[in-house]
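**Student:** sequence below, structure please.
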Amino acid sequence: MLLPFLKADRTEAGCDEVGRGCLCGPVVAAAVILPPDYANEWINDSKKLAKSRRIVLTEEIKSEALCWAIGSADVEEIDRLNILNASYLAMNRAVESLKIKPDHLLIDGNRFKPASTISYDCVVKGDGKFASIAAASILAKTYRDDWMINLSRKYPGYEWEKNVGYPTKAHREGIRKLGPSPLHRKSFRLLPEQLKMNL
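**Tutor:** Residues are numbered from 1 along each chain as shown. Got it, this is the predicted structure:
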């Protein structure tokens, strides 16, 4: 069972992002404030959960959380700011969208650039340690996966419905065959050989 909080008697929001390693699409973050007595043995790092389990947990988290919010940074922002700063932007947008202002943030990872005066702790591999961060990772992943699956209908040929933008062999073969889509990150190395494209 993951830890319910870092410090009792304060409102903590867990925050995590997904999509940093993708070749296309937005980076998406979620922020979640759970009740202090919330417990669910299945809550864990979203990468360790089957898709079917994430879907069930997503609905429960949305129902049981005191509040939750999603934030994102689009491809243009990723290319302009770089992926790390775009990730901070997405996380700050998620935090700013919370209906309850937290006293403290629990941020997955080892670095953060806050846009507010809310205190925070960075927790390396926090999505495997604190329930609120794990819940945020689940919401962010299901939201972004659904987004990319829907976009796969508009931009077929890259198999986003399967890889949701990550650099699989099929995804890169699609780039070789079709060239990059408007949603591919121009600042990323899309192909190992980086073909001569107008990126």
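**Student:** which ones are touching Pro4?
**Tutor:** Pro4 is in contact with Leu34, Pro36, Asp37, Tyr38, Ala39, Phe130, Ala131, Ser132, counting by CB atoms under 8 Å, 6 or more residues apart in numbering. (C-beta placed from N, C-alpha, C; glycine too.)
**Student:** of those, buried ones?
**Tutor:** Buried by 16 or more other CB atoms under 10 Å: Leu34, Tyr38, Phe130, Ala131, Ser132, out of the contacts of Pro4.
**Student:** out of everything not next to it in sequence, what's closest to the first one?
**Tutor:** Just to be clear, that refers to Leu34. Leaving aside its chain neighbours, Leu34 sits nearest to Ser132 (5.0 Å; criterion: CB to CB, 6 or more residues apart in numbering).
**Student:** the helix of greatest length in the chain: which residues count as buried?
**Tutor:** When the chain is parsed with DSSP state H, its longest helix is helix 131-154. Buried residues in helix 131-154, defined by neighbour count with 16+ other CB under 10 Å: 131-145, 147-148, 151-152.
**Student:** where does pLDDT dip in the protein?
**Tutor:** Residues of the chain meeting the criterion pLDDT under 70: 194-199.
**Student:** before we move on, the earlier item: so the residue nearest to Leu34 sits right up against Ile107, yeah?
**Tutor:** No - counting by CB atoms under 8 Å, Ser132 stays clear of Ile107, with 10.7 Å between them.
**Student:** which residues do those two both contact?
**Tutor:** Counting by CB under 8 Å, 6+ apart, nothing touches both Ser132 and Ile107.
**Student:** mind listing what Ile55 touches?
**Tutor:** Ile55 neighbours (CB under 8 Å, 6+ apart): Thr142.
**Student:** and it, how far from Leu178?
**Tutor:** Counting by CB to CB, to the nearest Å, the separation of Ile55 from Leu178 is 30 Å.
**Student:** got it, and Ser63?
**Tutor:** In terms of CB to CB, Ser63 sits 41 Å off from Leu178.
**Student:** and the two? Which one has more around it.
**Tutor:** Neighbours were tallied for Ser63 and for Leu178 using other CB atoms under 10 Å; the higher tally belongs to Leu178 (12 against 7).
**Student:** now that one. Nearest residue, chain neighbours left out?
**Tutor:** Gly157 (5.0 Å).
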